[in-house]
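Q: Sequence unavailable; structure follows:
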């Protein structure tokens, strides 16, 4: 999967090349904060296949929880770009909304943390659902 994308204001741009490791719709409470209240659509790609082509993102990692993820976003406009998960070294999880062509995502294969989803969160028919992370 070849993709490019960036933030709303254009200060941060990236390119990625390689197979999609996973296509996910996450409903965890953390993703609800980041997405503004909905589930979060992400595509996992190999970290080695992603590079920033313009600017560098700001980063945030909570220091009060073990195994906290690092979120990368535009420091100017706040657009979420990707997440780095310590439990998944070598992969990054790109936010579909930051892609130039979100339609290339094609939809999630799985929905995770569905025990945190609300009735107004919609999961398409045929998408495998897991109350937490699949084991």
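A: Cool, got the structure. The structure presented is a predicted model; accordingly, all values stated were derived computationally and were not measured.
Q: average pLDDT for the top strand by length along the chain?
A: Across the chain, the longest stretch assigned as strand under DSSP state E is strand 40-46. Taken as a whole, strand 40-46 carries a mean pLDDT of 97.
Q: strand partners of it, parallel vs antiparallel please.
A: In the sheet, strand 40-46 lines up against strand 22-26 (antiparallel), strand 91-95 (antiparallel) (DSSP bridges).
Q: right, so of these, which gets closest to residue 129?
A: Residue 129 lies closest to strand 22-26 among the strands paired with strand 40-46, at 9.1 Å (Cβ to Cβ). In short, each C-beta sits where N, CA and C put it, glycine included.
Q: which residues are contacting that closest one?
A: 39-44, 93, 105-113, 123, 127 (Cβ atoms under 8 Å, 6 or more residues apart in numbering).
Q: So which residues make contact with the helix or strand just after that strand?
A: The helix or strand immediately downstream of strand 22-26 is helix 29-35, counting by DSSP states H and E. Identification of contacts with helix 29-35 by Cβ under 8 Å, 6+ apart yields 38-40, 69, 71, 80, 113, 116.
Q: Can you point out the buried residues in helix 29-35?
A: 30-32, 34-35 (16 or more other Cβ atoms under 10 Å).
Q: count of residues packed around the nearest residue to residue 88 once chain neighbours are set aside?
A: In this structure, residue 88 finds its nearest non-sequential neighbour in residue 44, 7.4 Å apart by Cβ to Cβ, 6 or more residues apart in numbering. Look at residue 44: counted by other Cβ atoms under 10 Å, it has 19 neighbours.
Q: Residue 44 touches residue 84, doesn't it?
A: No: Residue 44 lies out of contact with residue 84 (Cβ atoms under 8 Å); the separation is 10.9 Å.
Q: Do I have it right that residue 13 meets residue 56?
A: No: at 10.4 Å, residue 13 does not count as touching residue 56 under the criterion of Cβ under 8 Å.
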